[in-house]
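sequence below, structure please.
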Amino acid sequence: MSDFIFRINPYIVLGSYSISRIGSQVLEWGTRFMVIIDPFLNEAKLAKQIMESLNDRKVEGFLFADIAEGPTSKNIERALDLARDSHVHGIIAIGGEKAIQTGRAVAAFFNEIHNFYNFIDGALPNTTPIPCICVPTTYRTIYTFTSEIPIIDSRSNQLKFLKVQKSVCKLILIDPNLMLSLTANQKATLSLELIGIAIEAYLSQKASFFSDMLVEKGLELLSYALDGSPSLDITTPEEVLLTQAGCMLSLAAASSSPGLTTLLSLSIYSRYKKGKSLISSILIPYEIDDAVKFKLAKIEKLSHIIRACPNDVTGETAGRALSDYVRQKIAKERLPTRLKDLDLTIEQLSLPVEDIKEINLINNLPRSMTTDDLFDFIKLAY
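Here you go, the predicted model:
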């Protein structure tokens with residue numbers, strides 16, 4: 001066994017109404033911030049609440065919400081130019097993956113003098129980043145805990161991963177109340193995506209006793225949120241359970257590795273702007289069916305933790321129960337069950353498969369997979 005070395009980064013604050021204290025939290029890193037926010041949040045009361053909290057603490061801030069297309073290189077360049085011209089001390093990123101990854105990229109490359117596309121093509125940053133404070137409004141925040149940023153290369157619509165400094169994100173502030181505005185459909189797809197994240201982190205070749213511990217506890221909390229507690233002792237509200245589970249499972253994936261479903265959903269989203277969580281929910285049952293063939297003991301354990309089957313059910317029956325559990329959740333919420341339901345052709349889906357084959361993270365999958373293996377997987381889910 002290799003040495004276990006762990007240093008948690010960033011500082012995590014998880015609690016109801018923690019967003020109301022953001023003005024005092026950010027003072028440690030400066031008094032002038034660019035607030036990168038999802039467009040729909042900019043139109044809601046949240047943007048006003050954030051700015052009031054900053055102004056009350058004499059912190060200057062201005063909003064940037066031009067990220068409708070996602071964390072594209074074009075949007076990041078635009079945000080970088082504005083941040084540099086405004087001489088900000090740091091970035092506050094509020095929202096889902098669009099805002100969080102855009103904000104992290106701006107903070108990471110703020111002091112760089114080279115063209116941004118040099119870094120997309122593989123160059124590494126060699127300057128100190130400015131602080132980034134992340135405020136997620138969805139349950140999963142995998143890459144916030146890593147030194148990688150998934151973005152979309154505007155030149156090709158390909159998924160690319162930027163390598164950045166480990167000290168980019170200084171604070172992640174997780175407020176369960178920010179999740180209350182999610183629709184039932186969004187909650188369902190995000191919860192299913194969390195199940196996929198848990199499975200991938202558990203089965204990855206980079207899994208450790210630490211990531212396994214986080215997966216097992218995080219999945220237990222997720223099961224309480226989805227199906228209720230088996231006892232009356234746990235009265236934690238659903239949104240708090242979901243944020244706690246999401247935080248633990250995101251940490252697990254960051255200390256282990258995301259897997260096939262995460263990479264494919266990111267790549268398909270980059271190419272065709274289909275919902276990442278929705279794509280994940282379609283792929284997860286097929287990923288479980290595949291894992292049963294070579295990681296049965298671990299799949300069986302996860303099946304018991306999430307209460308997909310009784311503890312006396314073992315072997316392949318327990319494995320099938322886990323994939324059936326996910327399919328039942330999909331059916332209950334009337335979500336798409338096939339990739340073809342997203343108005344994509346099998347020919348179109350061949351491009352995202354080729355894209356992820358070029359990503360180093362593919363080496364962390366539970367088993368070696370060629371491009372043909374990846375495409376066969378896509379065909380099963382099509």
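
what's the first helix or strand after the strand or helix carrying Thr261?
According to DSSP states H and E, Thr261 maps onto helix 260-272. Going down the chain from helix 260-272, the next helix or strand is helix 276-291, by DSSP H and E.

and the helix or strand following that next one, what's its mean pLDDT?
Where DSSP H and E defines the elements, the next helix or strand beyond helix 276-291 is helix 296-305. Taken as a whole, helix 296-305 carries a mean pLDDT of 96.

who are the packing partners of helix 296-305?
The contact analysis (3 or more CB pairs under 8 Å, 6 or more residues apart in numbering; DSSP states H and E) places helix 296-305 against helix 184-203, helix 209-227, helix 276-291, helix 315-332. From N, CA and C alone the C-beta is placed, and that goes for glycine too.

tell me the angle it makes with helix 184-203.
140 degrees (axes from the mean of the first three to the mean of the last three CA atoms, to 10 degrees).

next, the buried residues of helix 296-305.
298-305 (16 or more other CB atoms under 10 Å).

then stretch 224-238?
Residues 224-226 are the ones in stretch 224-238 that count as buried (16+ other CB under 10 Å).

got the buried residues for stretch 178-192?
Buried residues in stretch 178-192 (16+ other CB under 10 Å): 178-179, 182, 186-192.

and for it, what's in contact with it?
Contact with stretch 178-192 is made by 19, 44, 46, 135-140, 222, 225-226, 239, 242-243, 246, 275, 277-278, 280-281, 284, 326, 329-330, 332-333, 335, as judged by CB atoms under 8 Å, 6 or more residues apart in numbering.

what do you get for stretch 11-22?
Residues outside stretch 11-22 that contact it (CB under 8 Å, 6+ apart): 25, 46, 49-50, 53-54, 92, 133, 135, 170-178, 240, 243-244, 247.

any idea how far that stretch is from the chain center?
Taking CA atoms, centre = their mean, to the nearest Å, one finds stretch 11-22 lying 19 Å from the centre of the chain it belongs to.

next one: stretch 234-248
So, by CA atoms, centre = their mean, the centroid of stretch 234-248 is 16 Å from its chain's centroid.

also stretch 134-152?
Using CA atoms, centre = their mean, the offset of stretch 134-152 from its chain centre is 5 Å.

helix or strand right after the worst-scoring helix or strand of the chain on mean pLDDT?
Least confident element among the helices and strands of the chain, by mean pLDDT, DSSP states H and E: helix 39-42 (a mean of 78). Per DSSP H and E, helix 39-42 leads on to helix 45-56 as the next helix or strand towards the C-terminus.

thanks a lot, see you next time.
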